[in-house]
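Novice: Model the following, please.
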Amino acid sequence: MNAPTPTTPVTQRNRRKLLLVALVFLAPAIIAVALGELGWRPGTQSFGQPVTPQRNFKSVRVDMAKGGTWAWRAKTPQMTLLALPGTSCAEACLRQLALMRNARVALNTKSGHVRLLYLGSPPTVAGASDVMPAWQIGRDANDALASFRPKGADTVAALLVESNGTALTYYPAGFDANGLLKDLKKVLR
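Specialist: Numbering: from 1, shown residues only. Got it, this is the predicted structure:
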């Protein structure tokens, strides 16, 4: 039997260098896995709340004020930004609707990929004639979206609905319209 050969200081130094090089290459992967397990996902933060369980609205009937029913699947792929007012829509609700409209306009060339749908009695306060022409007005025929509607007066919530009718994100009353714009930009890349 051969006796083990003692390692020389040069061999030990070379092993340490090899381990250090391996650690340099493996460390980012280990850190990424650890952060992923902790729930950190860079660049994926949404300003709204995910709709869980996921729902598809293609069977939800929306009667339009100008006649007909809402087609969740448009002729060209378009998302729907759905506004759901509370028990009434007055000044504060109208301001939020204007901000939502402005978020759509801020998309520039992509603004045509988002349709605005307001479900409820349109506001009649001063300034409504400036804001509401951008919105298509309808009524949830069977009150199927009542769980998303805010309970308070003069409030509005929003839903972002994919072009196939799947609800993506819910924005409860009082949401930040700048956050909504950021989410729209991410979805429409």
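Novice: for the protein, what helix or strand is lowest in average pLDDT?
Specialist: helix 9-37 (a mean of 82; mean pLDDT, DSSP states H and E).
Novice: tell me what the following helix or strand past that one is packed against?
Specialist: Sequence-wise, the next helix or strand downstream of helix 9-37 (DSSP states H and E) is strand 49-50. Contacts defined by 3 or more CB pairs under 8 Å, 6 or more residues apart in numbering; DSSP states H and E place strand 49-50 against strand 167-171. Yep, even glycine has a C-beta here, placed from its N, CA and C like the rest.
Novice: how far does the strand it packs on sit from the chain's center?
Specialist: 6 Å (CA atoms, centre = their mean, to the nearest Å).
Novice: Please shift the residue numbers so they start at 593 in all later answers.
Specialist: Sounds good: first residue 593 from here, last item strand 759-763.
Novice: which residues are contacting that strand?
Specialist: 638-643, 646-649, 671, 740, 749-754, 771-772, 775, 779 (CB atoms under 8 Å, 6 or more residues apart in numbering).
Novice: what angle separates the helix or strand just after that strand from strand 759-763?
Specialist: Next along the chain after strand 759-763, taking DSSP H and E as the criterion, comes helix 769-779. Orientation of helix 769-779 against strand 759-763 (axes from the mean of the first three to the mean of the last three CA atoms, to 10 degrees) gives an angle of 160 degrees.
Novice: outside of helix 769-779, which residues touch it?
Specialist: So helix 769-779 is in contact with 638-640, 671, 673, 688, 691-692, 694-696, 698-699, 702, 706, 750, 752, 760-761, 763, going by CB under 8 Å, 6+ apart.
Novice: any weak-confidence spans in this protein?
Specialist: 593-599, 631-636 (pLDDT under 70).
Novice: Just want the most central residue of it.
Specialist: residue 761 (4.3 Å; CA atoms, centre = their mean).
Novice: quick one, what contacts the nearest residue to that residue once chain neighbours are set aside?
Specialist: Leaving aside its sequence neighbours, residue 761 sits nearest to residue 640 (CB to CB, 6 or more residues apart in numbering; 3.6 Å). The contact partners of residue 640, taken as CB under 8 Å, 6+ apart, are 750, 752, 761-763, 767, 771-772, 775.
Novice: Can you tell me which of those residues are buried?
Specialist: In terms of neighbour count (16 or more other CB atoms under 10 Å), the buried residues within those are 750, 752, 761-763, 767, 772, 775.
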